[in-house]
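Student: pasting the sequence and the predicted coordinates here, then a few questions.
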Amino acid sequence: MGSVLRATSSLPVKRIAIIGAGPSGLAAAKFLRAEEYFDTIDIFEQQSEVGGVWHYTPSSGEKVSIPSTNPNVPLEKPIWPDGSKAPIFSNPMYEHLNTNIPKQLMCFSDQAFPAESLLFPARQDVQEYLVKYSQDVRDIISFSTQVDDVQLLKEGHWEVTTKSTITGASRKNEYDAVAVSNGHYSVPFIPSVTGIEAFDAAYPNLITHSKIYRSPEKFTGKKVIVVGSGASGLDIGTQISLVSNNPLLCSVRTPLPQLGQEKEEVPPIAEYLVEEKGVRFEDGRVEKDIDAIVYCTGYIYSYPFLKALDPAVTNGRRAVGLYEHIFNIAHPTLAFLGLPQKVIPFPVAEVQAAAVAKFWSDRLELPTKEKMQIWEKKRVEDTGEGTNFHVFGYPQDAEYINGLHDWVKLSGFKKVPVYWGPEQLWCRRLYAEVREKWVETGGIARSMEELGFKFDQDEWNRR
């Protein structure tokens, strides 16, 4: 990666705005501060605490759009729970959730998870971990502050308009660079299927999305379809199947692992049938008298605060005009963190943050715009214009992490980002198998060794 990413660039960046205090925003703040170069680093977080998607919010009565395919939506509206001192914004964290990533891979390089935490930590433990991780940057976070608009005044000069979600007071500040770390779990994706709008009108709230799922109780004794075969679909489907009228119908395109008696695999939904309160699947099968349908179909990349930027920064399926999934090619003082999917997110955020910090402190160079455009075009050719642009998987995520690490290393480290050696690569390759055994053995193990997995350097070398 190193020799390709050399070019000429000089940016007078001294004032930086970070949008979001989730894992990516916190990592960005830490690596930017470590450069000891910038005059101002401000983080704007619309919730009242750090954590992003890991900051659990109770059920808010939010209604998702049916269908939901448009990234150009308004800013999220704050919700005021009874007796609350600050509003909340709904996010997709549900009550009973453990990570599907072991803690030794999940963590940032400079903070381990506690030894007593489960091998696959509960959501509460991850949130506590992030609160601890935030301690040395909390002084620069403005909580309950929503970014309303980001305008490019001239190259390298951005006007950021923020609004207090408590008082409604609005402020404008000028920055030399903006790091977009708002995540991509705000706008649900629900496909447009024949008859879905009429069905939703006839049976309001019967169709929902995993974003507003919190617990399985309301599905007790009901006939349920769960759509989607990703991690959330599998996990939420399992939770619901314990209380629903079985078999739970799992509507998927990709065959699932062995389901057991409580689940049944069915094809994608081809049509909604209003009179039958049912659906027709792609194989022609009809199911009537459905009580609930939960779409676990992911999210749309959406940036309502960047609506003035031209050309569009997203088509919903990916962020458009980026180099290495980070730098806006037209305006490299605009960076995006945390976009990749099917990766280990905290380490990815860390190496991305390191690259941004080095470039904006003028200690690292980007290629010419032409070369960056060639990189994006090649990525599109390899993955298509669809949802796979930001999707990695193993070993691509390992190559990305170590490649960014080596690029940043060219300018010397002020703060060293993660690098995956043999043991981390071994763990990444095996972790799905490890989690399956962890679940089978009761979900109580705190280490891989307890489950019979132990790294052998000699065996790794013989591979």
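Tutor: That came through, no problem.

Student: CA atoms for contacts and neighbours, from now on please.
Tutor: Fine.

Student: look at Asp397 and give its secondary structure.
Tutor: helix (DSSP: H, G, I helix; E, B strand; the rest coil).

Student: who's in contact with the closest residue to it other than its chain neighbours?
Tutor: Of all residues not flanking Asp397 in the chain, Val343 sits nearest, at 5.7 Å (CA to CA, 6 or more residues apart in numbering). Contact analysis of Val343 by CA atoms under 8 Å, 6 or more residues apart in numbering lists Val391, Phe392, Gly393, Tyr394, Asp397.

Student: which two in the residues you listed are spaced the farthest apart?
Tutor: Across these, the longest distance by CA to CA is 10.2 Å; it joins Val391 and Tyr394.

Student: can you map out the helices along the stretch 151-300 of the chain?
Tutor: Applying DSSP state H, counting those that start in this stretch to the stretch 151-300 of the chain gives helices spanning 196-202, 231-241.

Student: chain center to the first one, what's the gap?
Tutor: Here the centre of mass of C-alpha atoms in helix 196-202, compared against the chain's by CA atoms, centre = their mean, to the nearest Å, lies 29 Å away.

Student: what do you get for the last one?
Tutor: Helix 231-241 has its average C-alpha position 18 Å from the chain's average C-alpha position, going by CA atoms, centre = their mean.

Student: list the buried ones in it?
Tutor: Buried residues in helix 231-241, counted by 16 or more other CA atoms under 10 Å: Ser232, Gly233, Leu234, Asp235, Ile236, Gly237, Thr238, Gln239, Ile240, Ser241.

Student: can you flag the weakest of the helices of the stretch 151-300 of the chain by average pLDDT?
Tutor: Among the helices of the stretch 151-300 of the chain, helix 231-241 carries the lowest mean pLDDT, at a mean of 94.

Student: give me the contact list for that helix.
Tutor: So helix 231-241 is contacted by 100, 210, 215-217, 219-220, 226-228, 247-248, 250, 262-263, 295-297 (CA under 8 Å, 6+ apart).

Student: point out where the chain drops to low pLDDT.
Tutor: Low-confidence segments of the chain, defined by pLDDT under 70: 1-11, 258, 310-311.

Student: please name every helix or strand in contact with the helix ranked longest in it.
Tutor: In the chain, with assignment by DSSP state H, the single longest helix is helix 422-440. Judged by 3 or more CA pairs under 8 Å, 6 or more residues apart in numbering; DSSP states H and E, helix 422-440 is in contact with helix 103-106, helix 457-462.

Student: looking at the ones you listed, which one is packed in the most?
Tutor: helix 103-106 (a mean of 20; mean count of other CA atoms under 10 Å).

Student: hmm, back to that, the helices of the stretch 151-300 of the chain: which one's closest to Tyr133?
Tutor: That would be, of those and by CA to CA, helix 231-241, which comes in at 25.7 Å.

Student: which among the buried residues of helix 231-241 gets closest to Lys409?
Tutor: Ser232 (36.0 Å).

Student: report the separation between the closest one and Leu206.
Tutor: 19 Å (CA to CA, to the nearest Å).

Student: and what of Tyr185?
Tutor: The value you get for Tyr185 to Leu206, if CA to CA is used, is 21 Å.

Student: cool, and Glu217?
Tutor: 15 Å.

Student: if I look at the residue of the chain positioned farthest from its centre, how far off is Ala198?
Tutor: The C-alpha centroid of the chain is most remote from Glu275, which lies 37.9 Å away (CA atoms, centre = their mean). Shown here: Glu275 relative to Ala198, a distance of 10 Å by CA to CA.

Student: the host helix or strand of Trp407 versus helix 422-440: what angle between them?
Tutor: Using DSSP states H and E, Trp407 falls within helix 396-409. Between helix 396-409 and helix 422-440, the angle comes out at 140 degrees (axes from the mean of the first three to the mean of the last three CA atoms, to 10 degrees).

Student: pull the residues that contact helix 396-409.
Tutor: In contact with helix 396-409 (CA under 8 Å, 6+ apart) are residues 1-2, 5, 343-344, 347-348, 351-352, 354-355, 358, 364, 417-420, 425.

Student: drop anything exposed from the residues you listed.
Tutor: Of these, these count as buried by 16+ other CA under 10 Å: 343-344, 347-348, 351-352, 354-355, 358, 364, 417-420, 425.

Student: quick check: the two most widely separated of these?
Tutor: Across the buried ones among the contacts of helix 396-409 (CA to CA), the longest gap, 27.2 Å, separates Leu364 and Leu425.

Student: from memory Val434 sits against Glu450, does it?
Tutor: No - using CA atoms under 8 Å, Val434 makes no contact with Glu450, being 10.6 Å away.

Student: tell me which of the two has more neighbours.
Tutor: Val434 (22 against 12; other CA atoms under 10 Å).

Student: the more buried one and Gly452, how far apart?
Tutor: Distance from Val434 to Gly452, by CA to CA: 9 Å.

Student: with Thr238 instead?
Tutor: 26 Å.

Student: before we move on, what about Gln396?
Tutor: 27 Å.

Student: how about Val418?
Tutor: 26 Å.

Student: thinking again about what came up before, just put the helices of the stretch 151-300 of the chain in JSON lines and tack on distance to Ala445.
Tutor: Below are the helices of the stretch 151-300 of the chain laid out as JSON lines (distance: least, CA to CA, whole Å):
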{"stretch": "helix 196-202", "distance to Ala445": "43"}
{"stretch": "helix 231-241", "distance to Ala445": "19"}
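
Student: what number of residues lie near Ser65?
Tutor: There are 17 residues near Ser65, going by other CA under 10 Å.

Student: sorry, wrong one. I was asking about Glu197.
Tutor: For Glu197, using other CA under 10 Å, the count is 17.

Student: ok, and the closest non-adjacent residue to it?
Tutor: Ile66 (6.3 Å).

Student: same question for Glu76.
Tutor: Glu76's closest residue in space is Phe89 (CA to CA, 6+ apart), at 7.2 Å.

Student: one more: Phe392?
Tutor: Using CA to CA, 6+ apart, the nearest residue to Phe392 is Lys342, at 5.6 Å.

Student: end-to-end on stretch 191-204?
Tutor: 17 Å.

Student: what's the offset of it from the middle of its chain?
Tutor: Worked out by CA atoms, centre = their mean, stretch 191-204 lies 27 Å from the chain centre.

Student: ditto for stretch 217-233
Tutor: So, by CA atoms, centre = their mean, the centroid of stretch 217-233 is 21 Å from its chain's centroid.

Student: mind listing what's buried in that stretch?
Tutor: Those buried within stretch 217-233 under the rule 16+ other CA under 10 Å are Phe219, Lys222, Lys223, Val224, Ile225, Val226, Val227, Gly228, Ser229, Ser232, Gly233.

Student: for Val294, name its beta-bridge partners.
Tutor: Thr208, Val226 (DSSP bridges).

Student: and it, how many neighbours does it have?
Tutor: So Val294, with other CA under 10 Å, has 24 neighbours.

Student: that one contacts Val227, correct?
Tutor: Yes - using CA under 8 Å, Val294 is in contact with Val227, at 6.1 Å.
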